[in-house]
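> Structure, please.
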Amino acid sequence: MPLLPGEFLHHRYRIVSLLAGGAHGAVYRAWDATDRRDVAIKEYLDASVEIQKRFRSEARRLAALGHPQLPRVLDHFALDNGQYLVSDYIDGVDLQSLLDQYGPLPSDLIAPWLQAATVPLAYLHGQQRLHLNIKPANIRLTPGGDVYLVDSGLPGLGVRPHTPGYGAPEQQAQTAVGPTADVYSLGAALYALLTGLTPPNALSRETGLSDLKPAREVNPNIEPYLSIVAGRAMSLRPDTRYDTVEDFARALERPAGRPAPVVSPLRRAGPEPAAAVQPRPVVRARRRLDRRSIIGLSALLVLLLAAVVFLALTNREQPAAEGPAATSTMQSAVAAALTQLAPTPTATPEPTVPPTPTPQPLITQTDSRMIFIPGGSFEIGDDASEENDEKPARLITLDSFYIDETEVTNAAYAQCVDAEACPRPDRAGATYYQSYFGDPEFDDYPVINVSWYDAEAFCAWRGARLPSEAEWEFAAAFDPAEGVERRFPWGDTFDGTILNFCDVNCQRDDRGFEWDDGFRDTAPVGSYPAGRSPLGVYDMLGNVMEWVGDWYDFRAYRDIADTNPRGPVEGEFKSMRGGSWFTPPNDIGNYVRDNLDPTASQATLGFRCAMLPQ
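Numbers count the residues shown, from 1 in each chain. Now for the predicted structure:
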C-alpha cells in the first residue's frame, strides 16, 4: 500500500502525493523539510541485504550523472521495508496527463517533445546506461517548455520494471537488453500519443495473441510517416528497429516536401471550427447589347422601312392584291431585302502548321541526360495480369515531360552529398562489392542504399522530382510509332540477354537458369542499349528497382485521375517500379508494381528523376 500524504520519511521528507505506483513500490512527490524544496522519492520495496548493496551502488552511479534534462539524485537511504532514492522534483505536467485530458495530440507537438526526450536518453546511452522505463508518464513538460526524462527503471538492481505496452519483448523476458529496448519504448510512447491507445503487450504480439494495428488505421488523421516511424521502432526484433535514439529522432523530422499541417493561432482540442460563411445575394447580370449590335439593328430597321415604302408607292397604280397573294408578296419582298443584307460567307483557309521539332535532351548539372517524352494518351495497367494491383487498365493522358536517360549514378549522387544537400547512402558497400559508393571504379554504377526521402532530396537539389508511376510506365512501355504499350521495353517477349536481372548467377531458386546477363550484382548504367524503351530510356527494367513519387495504393487504378495522375495524397508505403538484378524473370515487367517503407533502403533499389519542360 502506498504511503499517505503527511507521512514523514527518514525524519526529513513529508509525503505530498502519490505520483505513480507499481509492483515493486511507488513514486511520491514530497517536501524536503531540511532544504525546503520539492523532491521526488522513488520507493523500492525489498529490504534484503543483497538488494541494499545493489541499490547503494546504483544510487551512486545515478548521482554521478549530470544532464540538464535529467533530475539530479540528491539522497538515498534504506528503511526496514525497502530502499528510497531522492531526486529533484520536476514541476510541470507529464505527457500521459495531457493525453488523458485532451486525447490524441497534434503531431507537430508530439514530434518535438519526443525528439527533445531523446537528448538525455542519448546521454544515458553514452554513459553505458539504459532507462528502461520510458512512457508518456515519465516525459515531463515544464512551464517553461523544457522536456525532462524522469523515473529511471533502476536496471542496476537486476529487475526491469515496465508498464504494460511500453516494454520491449526482451526487457519483459528478462533477457539481454541494449539501447534498442529504449527505442521500442519511445516508439510505444509515440504510438500512444498519436492514437490515444496503449499499444498491445510485446510478448502478446510475439506469441500471436494480439496484433499491433498501424497507428494510422487507428487514427486516420495521423501523418503516414509518423505511423511508419512508430511501427519500425516497435519491431519485435531489436535488429530491425532504429539502431540508436538519434536515428529515431531524425526519423521524426518531417520529410522533405511534406508541408506542415496548417493550424490556427490559438488551437483548441478537437477539430478546428469552421468559419461561418455569410450568404451572398445572387445578383443577376442584365444583358446589354454592345454598340456595334445597336448600330446594325438600327440600319436593318431603316432598310426594312424603306422597302415597305417603296413597295407601297410602286403598287399604288396596280389593282390591289387580295388575301394570301398580298401577304405572300409582302413576305417575299421582306425576305429579299434581308437576303441582300446578309453577308456571303467566305471560306477561311486552313493555316499551315509547321512540324514541331522534338526538344533535344537536357544536360543536367551532374552531366547526365534527360530525355524528352512527348505527352499523349495510353492505358496504364494490365487487365490480363494476375496481380490485382495492376488492374483495371485505365486510359489516361499525360503532359510532356523529361526523364533521366539512366538511373542516377554514384558519381552524380556524390555531388549532391558534397553540396550537403543529400545524406550519404546508408551503406557504402553493395551485396557483392565491399567498396561501392565513393569507389571511382563504381562511379557509373547506379546509386543504391538510399531511402525515398534521399532520392527526393537529390531530385529537388537538381531542380527535378521523382517521376509518377504513370510517367514511369509511359516512358517504359509506350511505343509512339505504333501507338501501343509493350509488356517489356523492347517488346512483348522476355529476352534475358538485354537486361540485368536474376539470371544463372543469382542465388534464388526461381532464377533464370537459361540466361547469363554478365553481372552478379549491379551493372554500369546504360549497359544494355538493346533493352532501351521505344522512347530511348535505358534500364527501365532490371539493374535496380526505382523509387517513384507516388504513395502506393493497392486500388490506385480503380479511381485514377484521367489526366496526369499523381497517386494518393498520402499513404504508408511508396511505390517502386522496374525490378532489379535480384528479380526473377516471372516477376519483371513494365506493369509490375511494388512498394516499400519510404525510410528504408536496399542494395537492389535506386531511382531516376523527372521534370516538366520549362
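> Can you report how many residues neighbour residue 133?
Look at residue 133: counted by other Cβ atoms under 10 Å, it has 25 neighbours. (Glycine included, C-beta is placed from N, CA and C.)
> what do you get for residue 37?
Residue 37: 12 surrounding residues under other Cβ under 10 Å.
> before we move on, what about residue 519?
Neighbour tally, residue 519, other Cβ under 10 Å: 19.
> next one: phi and psi at the nearest residue to it once chain neighbours are set aside?
Nearest residue to residue 519 in three dimensions, chain neighbours excluded: residue 500, at 5.2 Å (Cβ to Cβ, 6 or more residues apart in numbering). Per-residue torsions, residue 500: phi -100, psi 110 (degrees, to the nearest 10).
> got the contact list for residue 500?
Applying Cβ atoms under 8 Å, 6 or more residues apart in numbering, we find residue 500 in contact with 517-519, 522-523, 527-528, 539, 542-543, 580-581.
> run the last query once more with 7 Å
Neighbour list for residue 500: 517, 519, 523, 527-528, 542-543, 581 [criterion: Cβ atoms under 7 Å, 6 or more residues apart in numbering].
> Pick the one among those residues closest to residue 386.
Top of the list for closeness to residue 386, among the contacts of residue 500 and by Cβ to Cβ, is residue 542 at 20.9 Å.
> Which pLDDT does the model give that closest one?
Listed pLDDT for residue 542 reads 95.
> any idea how far residue 94 is from it?
Here residue 542 is placed at a distance of 53 Å from residue 94 (Cβ to Cβ, to the nearest Å).
> More neighbours: those two, which one.
Each of residue 542 and residue 94 has its neighbours counted (other Cβ under 10 Å); residue 542 has more, 28 against 21.
> okay, now the closest residue to the more buried one other than its chain neighbours: neighbour count?
Excluding the flanking residues, the one nearest residue 542 by Cβ to Cβ, 6+ apart is residue 499, at 3.6 Å. Using other Cβ under 10 Å, residue 499 is surrounded by 30 other residues.
> Highest neighbour count among the contacts of residue 500?
Each of these was scored by neighbours using other Cβ under 10 Å; the highest score is residue 543's, at 34 neighbours.
> Isn't that one up against residue 522?
Yes - taking Cβ atoms under 7 Å as the definition, residue 543 is a contact partner of residue 522 at 6.0 Å.
> Please identify every residue contacting each of the two.
Joint contacts of residue 543 and residue 522 (Cβ under 7 Å, 6+ apart) are 446, 581.
> Tell me how far the residue nearest to residue 519 lies from residue 612.
Counting by Cβ to Cβ - residue 500 and residue 612 are separated by 30 Å.
> quick one: contacts for residue 147?
Taking Cβ under 7 Å, 6+ apart as the definition, contacts of residue 147 comprise 69, 113, 116-117, 139, 141.
> Helix, strand, or coil at the most centrally placed residue in the chain?
Most central in the chain under Cα atoms, centre = their mean is residue 225, positioned 5.1 Å from the mean C-alpha point. Three-state assignment for residue 225 (DSSP: H, G, I helix; E, B strand; the rest coil): helix.
> For it, give its distance to residue 194.
According to Cβ to Cβ, residue 225 stands 12 Å off from residue 194.
> and if you look at residue 226?
6 Å.
> who touches both of the two?
Counting by Cβ under 7 Å, 6+ apart, the common neighbours of residue 226 and residue 194 are residue 107.
> who has more neighbours, the two?
Ranked by neighbour count (other Cβ under 10 Å), residue 226 and residue 194 place residue 194 first, with 26 against 21.
> confidence score at the closest residue to residue 388 other than its chain neighbours?
Distances taken as Cβ to Cβ, 6+ apart place residue 554 nearest to residue 388, at 7.2 Å, with adjacent residues excluded. Residue 554 is assigned 86 on the pLDDT scale.
> Assign a three-state SS to residue 554, would you?
Assigned by three-state DSSP, the conformation of residue 554 is coil.
> Residue 30 looks like it's in a helix, true?
No - counting by three-state DSSP, residue 30 is not part of a helix but strand.
> which residues does it bridge with?
residue 15, residue 39 (DSSP bridges).
> residue contacts, it?
Taking Cβ under 7 Å, 6+ apart, we find residue 30 in contact with 13-16, 39, 41.
> Among the contacts of residue 147, which ones are in strands?
The strands, defined by DSSP state E, take in 139, 141 from the contacts of residue 147.
> who wins for neighbours among the contacts of residue 147?
Neighbour-wise, the contacts of residue 147 (other Cβ under 10 Å) top out at residue 117, 27 neighbours.
> residues near residue 360, how many?
Residue 360 has 9 neighbours, counted by other Cβ under 10 Å.
> Output stretch 599-614 as PDB - backbone C-alpha positions only.
What follows is stretch 599-614, C-alpha atoms only, in PDB (Å, rounded to 0.1, in the frame of the first residue of the first chain):
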ATOM      1  CA  THR A 599      12.500   5.400 -44.800                       C
ATOM      2  CA  ALA A 600      14.000   2.000 -45.900                       C
ATOM      3  CA  SER A 601      16.900   1.500 -48.200                       C
ATOM      4  CA  GLN A 602      18.100  -1.600 -50.100                       C
ATOM      5  CA  ALA A 603      21.100  -2.800 -52.200                       C
ATOM      6  CA  THR A 604      18.600  -3.500 -55.000                       C
ATOM      7  CA  LEU A 605      17.000  -0.100 -55.100                       C
ATOM      8  CA  GLY A 606      17.900   3.200 -56.700                       C
ATOM      9  CA  PHE A 607      16.000   5.900 -58.700                       C
ATOM     10  CA  ARG A 608      15.900   8.400 -61.600                       C
ATOM     11  CA  CYS A 609      14.400  11.900 -61.800                       C
ATOM     12  CA  ALA A 610      11.800  13.600 -64.000                       C
ATOM     13  CA  MET A 611      10.600  17.100 -64.600                       C
ATOM     14  CA  LEU A 612       8.200  19.100 -66.700                       C
ATOM     15  CA  PRO A 613       9.500  21.300 -69.600                       C
ATOM     16  CA  GLN A 614      10.400  24.800 -68.500                       C
END
